[in-house]
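**Student:** Sequence first, predicted model second:
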Amino acid sequence: MRSRPLALRVWTAQTNAHRRAFATTVRCRDVTERDSKGNIDVGKLLSQPTWSVASLLPAKDQQPGGPEISSKQLHHLLRLSALPAPKDAAEEAAMLSTLSSQLHFVKDIQQVDTTGVEPLRSLRDETAEGEQEAELGMEAMKEALGMETVRGRYHQRIRRRRRGDGVDGESEEGEKWDPLGTAGKKVGRFFVVEGGKDG
Amino acid sequence: MKTPTARIAPLHLSRTLHSSFHANLRVPRASVVSKWLRSRNLTTAPALAQEAVPLRKHLKDEAKRKKAEAKINGVAKKLKTDPRLEKWELAVGIEIHAELNTECKLFSSGPTEGSDGVANSRVAFFDAALPGTQPQFQVATLLPALRAAIALGCEVQRKSGWDRKHYFHWDQPNGYQITQYYEPFAKNGTLTLSASDGVPTSDLNGADSIGIGIKQIQMEQDTAKTTHHPPSTYHIDLNRAGHPLIEVITLPHIHSPQTAAAVVRKIQAILRSVDACVTGMELGGLRADVNVSIRERGTEGTGSSYSGVSGLGQRTEIKNLSSFKAVEDAIVAERDRQIAVLEAEGVIEGETRGWTLGATETTRLRGKEGEVDYRYMPDADLPPLVVGSDLVDHLRVTMPELPDETVDRVERQYGVTLKDAKTMVDLDDGDRLEFLEETVELVLRRSGDQATDQLRVGKLVGNWILHELGGLLATTETSWATMTITPVEVADVLVNLQNKQITARVAKQLLSTLNDTSTSPRPSVDHLIDEGNLRLRPLSDEGYEVLAMQIMDESPDMVAAVREKGQKGKIMWFVGQMVRRGEEGTVEPENAREVLERLLSD
């Protein structure tokens, strides 16, 4: 198949990029500049930004599109996240306005149509082979099953063999470290926490 | 022959006696009390020249009097039933957290046992939530979890997920607990209970057993252990942080506090029998939270529903119950409180409550406004758990016997009573039952060509192992594990007993001797019998009569008691005297009794 001309391919790509889901600004440049041989001046291309995250925030005069946050809700969120409460009214006002700008951004994202799409939890091998590999069957559990014995001849019971029951004493790579080295406050072998109101 | 048991007045009788003792004594009795009254010149009855009756006799007489009274009135001792329960119906759901029996923790290779209980010595980097550490699912923890799910009749899901439950507490180093909120690994099980498990007849509704639905079982992490040092200091031990737990959630099919306690007991027994969770409630390895709601009989409550069970009232949750009694008592207290509120035209709020041992009412911990928002989200660090069906099938096929099956089998095969069978199965981690089965087989084999009935032999062996050996261990303060008696020896003793080569008294003696003997060298039972000249040399009828006449001559008043007053019970005293007087291994109690009855009746 004969490939399409370069210019046409570039133009198509740029036009399709226009239809990005949550872009609110128009592209600054429609066509990349080329010299007579058709090469792109990379230095020039990269010298000017073509997109800014500011496009995701409401314009200066625009009202934030997100829902109104009350002071009570703000304090609830801060408590859930174990963050300190605002010192004074000015700080609280600043927090509220930042929060509503962020919600404007979130609302933009929520405009994307996701019907029938399972939320992505993490990037994993979701092929059938991947699932086969991850499956815990007899093969994967062989070692664990080998750590059990049957106790009794008439009344048979399954028992896990414990350390010191003929099982190797020390685990091969037992992490030998002292957790209390990370303690801010300690008493003997314990971490200490002050549970009082100021604690 | 049964050994005479200690004669102790039954507790409930002495209690009622106690109350009547302090109540007005309507009839001045010749007792220490009347003596006291006399000394205070507080009676108008003529001074009786009588000695104070010994207290023991007084108690027995009082007990007899009360029994006679009750018979006259025809009042049967009935349990006090709360009349309010006719109007109000209880619904309870239970959530049980049980520690899994594994070598290492759920998401790290930190060990779960060892290092002699030194605090903060079994902590992996992830358990201490060091920044940058990642969870890694330890596959060995899947085995006990799957066995628990199969034993409780659940469907194991092929794919399940891990979710984060966020809340800040000093016992949660990560700031979230990894649990299975959206997709648990097992669902839709059942638990069957019957009257012998402790279910009251009102719940059974005429059936033999009831089925409690299990909504789901999920795996999750345990928190660290905190100890409170007043006024406001807490000491944290991270050894337990990250330990695998399973949470078993039942449906609200439970309708009485006794059933609830029975459910918890049954689940603990089942989990122990499949080696999934071996630490019990007393040691803190199993904890229960209960959800309690009530509704008027015949109505739909407030219309709430839970997982398919509808028509329920508003529920409250009682957290952290750590004993079976606490479960029962807390439910009773909460039910009574809810009834009181609803009868006073109040409204039950959905709150979280706590219970302390010895309290009469639950205490409020958190109201609805204090409800924590856990912001559940899938954990991105962990891949989904995929369980192979070949593993599940293998575990199902190799599942050990569940307690119900074992008790049933022991009853059927060995003729042991239900109560004894239950005790036997629970004792010594099942080792005593193993001992019983081995001994029975040995006895049957050594009984040779005599037509031996396994049930009869089983009953005999069962009694000896449970009661006689048990009694011996108790008196010598030996534990079962350190006992030196072997099944072969017990079988030998019992075979000799069966063949009437020795008497029961001698058999007990032999066991005692064997218990005291060190492990090696051990003399054989036959050797012991011959050496001690213990073999039964049955006395002739003449010999019995001579011995009997001897004893009768020595105690004419006892003879008179039997002959004239008709106190047949005194014959056993004579039997005892004959056995004691006769040479060791000669007098058989049954024959002695026959002879005595013959002699004393003419």
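**Tutor:** Ah, there it is.
**Student:** where in the stretch 451-600 of chain B is pLDDT low?
**Tutor:** By pLDDT under 70, the low-scoring segments of the stretch 451-600 of chain B are B:451-452, B:584-585.
**Student:** In it, what residue comes closest to chain A?
**Tutor:** Taking CB to the nearest CB, chain A has its nearest neighbour within the stretch 451-600 of chain B at B:Pro487, 10.2 Å off. Heads up, the C-betas are built off the backbone N, CA and C, glycines and all.
**Student:** Is it correct that that residue is in contact with B:Phe435?
**Tutor:** Yes. Counting by CB atoms under 8 Å, B:Pro487 does reach B:Phe435; the two are 5.7 Å apart.
**Student:** helix or strand right after the worst-scoring helix or strand of chain A on mean pLDDT?
**Tutor:** Sorting the helices and strands of chain A by mean pLDDT, DSSP states H and E puts helix A:6-18 at the bottom, at a mean of 58. Next in sequence after helix A:6-18, counting helices and strands by DSSP states H and E, comes helix A:42-47.
**Student:** re earlier: tell me which residues touch the residue of the stretch 451-600 of chain B closest to chain A, please.
**Tutor:** By CB atoms under 8 Å, 6 or more residues apart in numbering or on different chains, the contact set of B:Pro487 is B:435, B:438-439, B:442.
**Student:** ok, the residues you listed vs chain A, which is closest?
**Tutor:** Top of the list for closeness to chain A, among the contacts of B:Pro487 and by CB to the nearest CB, is B:Glu438 at 6.1 Å.
**Student:** Dihedrals phi and psi, that closest one?
**Tutor:** Torsion angles at B:Glu438 (phi, psi; degrees, to the nearest 10) stand at phi -60, psi -40.
**Student:** A:Gly152 is in contact with that one, correct?
**Tutor:** No. In this structure B:Glu438 lies outside contact range of A:Gly152 using CB under 8 Å: 9.1 Å.
**Student:** what about the two, which has more around it?
**Tutor:** It is B:Glu438, of B:Glu438 and A:Gly152, that has more neighbours when counted by other CB atoms under 10 Å in any protein chain shown, with 20 against 17.
**Student:** Would you tell me what helix or strand B:Gly471 is located in?
**Tutor:** helix B:469-475.
**Student:** ok, the residue of the stretch 251-400 of chain B found nearest chain A - contacts?
**Tutor:** The stretch 251-400 of chain B approaches chain A most closely through B:Gly388 (2.8 Å), counting by CB to the nearest CB. Counting by CB under 8 Å, 6+ apart, B:Gly388 makes contact with A:135-138, A:140.
**Student:** Next, format those residues as a markdown table and append neighbour count.
**Tutor:** Listed next are the contacts of B:Gly388 as a markdown table, based on neighbours: other CB atoms under 10 Å in any protein chain shown:
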| residue | neighbour count |
| --- | --- |
| A:Glu135 | 18 |
| A:Leu136 | 18 |
| A:Gly137 | 17 |
| A:Met138 | 13 |
| A:Ala140 | 17 |
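**Student:** For chain A, give me the ranges with low pLDDT.
**Tutor:** Residue ranges of chain A with pLDDT under 70: A:1-32, A:60-66, A:164-175, A:197-199.
**Student:** And for it, the residue most distant from the center?
**Tutor:** No residue in chain A has its C-alpha farther from the mean C-alpha position than A:Tyr154, which lies at 54.6 Å (CA atoms, centre = their mean).
**Student:** ok, now how distant is that residue from B:Leu395?
**Tutor:** 22 Å (CB to CB, to the nearest Å).
**Student:** What are the boundaries of the helices in chain A?
**Tutor:** Secondary structure of chain A (DSSP state H): helices located at A:6-18, A:42-47, A:71-80, A:89-110, A:128-134, A:142-146.
**Student:** Out of these, which gets nearest to B:Leu204?
**Tutor:** Smallest distance to B:Leu204 across those (CB to CB): 39.9 Å, for helix A:142-146.
**Student:** name the helices or strands packed onto the closest one?
**Tutor:** Here helix A:142-146 touches helix B:142-151, going by 3 or more CB pairs under 8 Å, 6 or more residues apart in numbering or on different chains; DSSP states H and E.
**Student:** The helix it packs on - what's its average pLDDT?
**Tutor:** Per-region confidence: helix B:142-151 scores 97 on mean pLDDT.
**Student:** so what secondary structure elements neighbour that helix?
**Tutor:** Helix B:142-151 sits against helix A:142-146, strand B:155-156, strand B:209-221, strand B:244-250, helix B:257-273, helix B:389-397, with contacts defined as 3+ CB pairs under 8 Å, 6+ apart.
**Student:** Measure how it sits relative to helix B:389-397, angle-wise.
**Tutor:** Going by axes from the mean of the first three to the mean of the last three CA atoms, to 10 degrees, helix B:142-151 is angled at 60 degrees with respect to helix B:389-397.
**Student:** Nearest to chain A: which residue in the stretch 401-550 of chain B?
**Tutor:** In the stretch 401-550 of chain B, the residue that lies nearest chain A is B:Glu437 (3.5 Å; CB to the nearest CB).
**Student:** doesn't A:Gln156 make contact with that residue?
**Tutor:** No. Contact status for B:Glu437 versus A:Gln156: not in contact, 10.5 Å apart, counting by CB under 8 Å.
**Student:** neighbour-wise, which of the two wins?
**Tutor:** B:Glu437 (21 against 13).
**Student:** ok, for the more buried one, nearest residue in space, not its chain neighbours?
**Tutor:** Of all residues not flanking B:Glu437 in the chain, A:Tyr154 sits nearest, at 3.5 Å (CB to CB, 6 or more residues apart in numbering or on different chains).
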